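> can't give you the sequence, but here's the structure:
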Ligand code: HEM
């Protein structure tokens, strides 16, 4: 402990602040030349030195930790089979740069190195591709985080949000709220299930079906936009004058950001980055506007913000409770500021994220289904017959009807199997190493990918016709399509098959802890919409249509079918 004698230097100024305080100040230091001023100068000097040393030690410590982590990454990574690469794999870099076919690239590597392959995406970026169904299940269950880059890209377009971000801890409660919200939208589990907005959506679609020729991509995008918009914003969405501009903006942002497929955003110094940012800013303004409109009409968003959160936390038990109850409960909770109720900014970010992801993924699936319908006119007729058989002529279609339309559900599932929304599922374990059952340890921070196309086309699982479109494979005895509806809201995957290899290899919506929250909703709402469409229209190909329609790989590693022109004919 410093005392007034031991804590003085040659000039008699106490060395430490404690020393100074323990004495009665300058008056008590007869030997101290200059008194308080000299003390303060000396004290500041010593304090600065101490701070600099502490800073240096902290930086060295952080750098040391990084070096140790890097050495660990290299040591553990090099034990996983894969091609030799000094700094980064040139093959992978070329595919990423050119937006080439990453599935074909990974397929070659899996053929050479087995079901788990390691690649160096950069000196500190290890990419591990896993293809074996059992290992994939393990990866998707154990690796709960998404890549930090994914979160950053969503942040850029959406601002602050609590969905799609890297850390599982941060998204957990919002995922649960969203599941409940989406189930309520289809009123699943409450009397006869129905998608309340379907009539209004059909009115909008009818208006574009009256054209002579339609572009299949814009039709599917429009259908997806209306499903997700009606779901999130309720009635306000249909009276909103800016809906057309909003749809255009969303599609531009989704395209520029290369969402879902490559998560690549161009560097900030490029003009295209600035135009991307200005599009995002306009998108935000419009989103805030529709959120305000929706709240004013006391519709959907209010429920997503408050009621679903409360239910997910077990605070509202009765799904039929009135609006007043919800509002009061929400109000009380808001006042006590408990729980992660979204801020305005976060709500807006979540909504933009959901619109971007929900529309791109749903439009992709609807587009694939439409393309199959015009490729296989016989299937279209069978589907129409099924729709007519299930519901009587006068009544509206409800979700319960769709569940009885097994061929329709099988067509939706088979379309999703052949062309999933993106080429890869991406995961990461930020904090812990992953020990896979096969004795392989994937170090924390490595990028884990599951090549969806390879899994969905694996002949050893799906048979020799794995590459063919055959909805009947979903109508066999070992498949229970009813599981789509019965999947409990907390569940993270669908168990359609009794054969576990097929269950683990059918991943259009992912699986495990970060599986798509909208999977049940998307399948049922899209099926309902297609059923309504086929009930009223026959869709035929334009004469320019070629039957040799092979999937193409887009600029962002997307596999999609070419965009056929459609001629809709109203059924009598
Ligand atoms: C056909 C339509 C859709 C497809 C094919 C699809 C596919 C996917 C896939 C593959 C994932 C990643 C899963 C994983 O990593 O395991 C995902 C995540 C997600 N999806 Fe979808 N999705 C669709 C529609 C929707 C809709 C309509 C919503 C909600 C309105 C939605 C909400 C989400 C959310 C919130 C996540 C992120 C979950 C998380 O990060 O924890 N999706 N989706």
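On my side now, so go ahead. Because the structure is predicted, anything quoted here is derived from the model rather than measured. Residues are numbered from 1 along each chain as shown.

> ramachandran coordinates for residue 476?
Phi and psi for residue 476, reported as degrees, to the nearest 10, are phi -80, psi 170.

> in contact with it, which residues?
For residue 476, the contact set (C-beta atoms under 8 Å, 6 or more residues apart in numbering) is empty. Every C-beta, even on glycine, is put in place using the N, C-alpha and C of the backbone.

> so what's it scoring on pLDDT?
For residue 476, the model assigns a pLDDT of 90.

> how about the spatially most central residue of the chain, nearest residue that isn't a chain neighbour?
The chain has residue 164 as the residue nearest its centroid, 4.7 Å off, counting by C-alpha atoms, centre = their mean. What sits nearest to residue 164 in space, not counting adjacent residues and going by C-beta to C-beta, 6 or more residues apart in numbering, is residue 154, at 4.5 Å.

> and that neighbour, that's in a helix?
Yes - membership of residue 154 in a helix is supported by DSSP: H, G, I helix; E, B strand; the rest coil.

> which secondary structure state does residue 118 sit in?
Going by three-state DSSP: residue 118 is strand.

> show me the domain layout of this protein.
Annotated domains of the chain cover 1-78, 148-570 [automatic domain parsing].

> now distance to residue 94 too, for those, in TSV please.
Listed next are these as TSV, based on distance: least, C-beta to C-beta, whole Å:
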stretch	distance to residue 94
domain 1-78	21
domain 148-570	13
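
> just say which of those is most tucked in.
Stretch with highest mean neighbour count among the domains of the chain: domain 148-570 (a mean of 18; mean count of other C-beta atoms under 10 Å).

> I'd like the average pLDDT over stretch 231-249.
Stretch 231-249 shows a mean pLDDT of 90.

> so is that stretch next to the ligand?
No - using C-beta under 6 Å from any ligand atom, stretch 231-249 stays clear of the ligand, coming no nearer than 6.6 Å.

> end-to-end on that stretch?
With C-alpha to C-alpha, to the nearest Å as the measure, the ends of stretch 231-249 fall 19 Å from one another.

> what's that stretch in contact with?
Stretch 231-249 has contacts (C-beta under 8 Å, 6+ apart) with 182, 185, 197, 200, 204, 221-222, 225, 229-230, 279, 282-283, 286-287, 289-291, 293-294, 296-297, 299-301, 304, 351, 354-355, 521, 525.

> taking the residues you listed one by one, which sit in helices?
182, 185, 200, 204, 221-222, 225, 229-230, 279, 282-283, 286-287, 289-291, 293-294, 296, 300-301, 351, 354-355, 521, 525 (DSSP state H).

> and the contacts of stretch 231-249 near the ligand, which?
Among the contacts of stretch 231-249, proximity to the ligand is found for 354, 521 (C-beta under 6 Å from any ligand atom).

> could you pull out the helices in the stretch 251-400 of the chain for me?
Secondary structure of the stretch 251-400 of the chain (DSSP state H, counting those that start in this stretch): helices located at 271-296, 300-302, 308-312, 323-336, 344-375, 377-390, 399-404.

> reformat these as TSV; add mean pLDDT.
Shown next, in TSV, are the helices of the stretch 251-400 of the chain (pLDDT from 0 to 100):
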stretch	mean pLDDT
helix 271-296	89
helix 300-302	56
helix 308-312	51
helix 323-336	29
helix 344-375	91
helix 377-390	94
helix 399-404	84
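
> out of the ones you listed, which gets nearest to residue 43?
Smallest distance to residue 43 across these (C-beta to C-beta): 44.1 Å, for helix 344-375.

> just the angle between the closest one and helix 377-390, please?
Interaxial angle of helix 344-375 relative to helix 377-390 (axes from the mean of the first three to the mean of the last three C-alpha atoms, to 10 degrees): 110 degrees.

> by how many degrees do helix 344-375 and helix 271-296 diverge?
In terms of direction (the same axes, to 10 degrees), helix 344-375 departs from helix 271-296 by 100 degrees.

> dump the residue contacts of residue 343.
With contact taken as C-beta under 8 Å, 6+ apart, residue 343 is in contact with residue 160.

> and it, how close does it get to the ligand?
18 Å (C-beta to the nearest ligand atom, to the nearest Å).

> correct me if wrong: the residue nearest to residue 164 contacts residue 166.
No - using C-beta atoms under 8 Å, residue 154 makes no contact with residue 166, being 9.5 Å away.

> so where's the stretch 451-572 of the chain uncertain?
Residues of the stretch 451-572 of the chain that meet the criterion pLDDT under 70 lie in 486-493, 546-562.

> hey, where'd the helices end up in it?
Per DSSP H, counting those that start in this stretch, the stretch 451-572 of the chain carries helices over the ranges 452-456, 459-462, 483-486, 500-505, 519-536.

> what does the stretch 51-200 of the chain give?
For the stretch 51-200 of the chain, applying DSSP H, counting those that start in this stretch gives helices covering 90-98, 102-113, 133-142, 148-158, 168-185, 198-209.

> quick one: list the elements packing against the last one.
Going back to what we said before, that points to helix 198-209. On a contact count with 3 or more C-beta pairs under 8 Å, 6 or more residues apart in numbering; DSSP states H and E, helix 198-209 meets helix 216-233, helix 519-536.

> how about 6 Å then?
In this structure, helix 198-209 packs against helix 216-233, with contacts taken as 3 or more C-beta pairs under 6 Å, 6 or more residues apart in numbering; DSSP states H and E.

> and if you look at the shortest one?
Counting contacts by 3+ C-beta pairs under 6 Å, 6+ apart, helix 90-98 is packed against no other helix or strand.

> how many neighbours does the residue lying closest to residue 83 once chain neighbours are set aside have?
Excluding the flanking residues, the one nearest residue 83 by C-beta to C-beta, 6+ apart is residue 89, at 6.3 Å. Residues lying near residue 89 (other C-beta atoms under 10 Å) number 22.

> cool, and residue 110?
Neighbour count for residue 110, taken as other C-beta under 10 Å: 17.

> surely the residue nearest to residue 83 meets residue 121?
No - contact between residue 89 and residue 121 fails when scored by C-beta atoms under 6 Å: they sit 7.1 Å apart.

> give me the beta-bridge partners of the spatially closest residue to residue 537 that is not a sequence neighbour?
The spatially closest residue to residue 537, leaving aside those adjacent along the chain, is residue 568, at 4.8 Å (C-beta to C-beta, 6+ apart). The partner list for residue 568 in beta bridges (DSSP bridges) reads residue 539.

> okay, how far is it across stretch 422-434, tip to tip?
End-to-end span of stretch 422-434 (C-alpha to C-alpha): 24 Å.

> quick one: average pLDDT of that stretch?
For stretch 422-434, mean pLDDT is 89.

> quick one: the strands in the stretch 1-150 of the chain?
Under the criterion DSSP state E, counting those that start in this stretch, the stretch 1-150 of the chain contains strands at 116-122, 125-130.

> most tightly surrounded among these?
strand 125-130 (a mean of 23).

> any part of it near the ligand?
No - with C-beta under 6 Å from any ligand atom as the criterion, the ligand is not reached by strand 125-130; the gap is at least 12.7 Å.

> run through who's touching that strand.
The contact list for strand 125-130 (C-beta atoms under 6 Å, 6 or more residues apart in numbering) reads 73, 77, 106, 116-119, 121, 136, 139, 442, 446-451.
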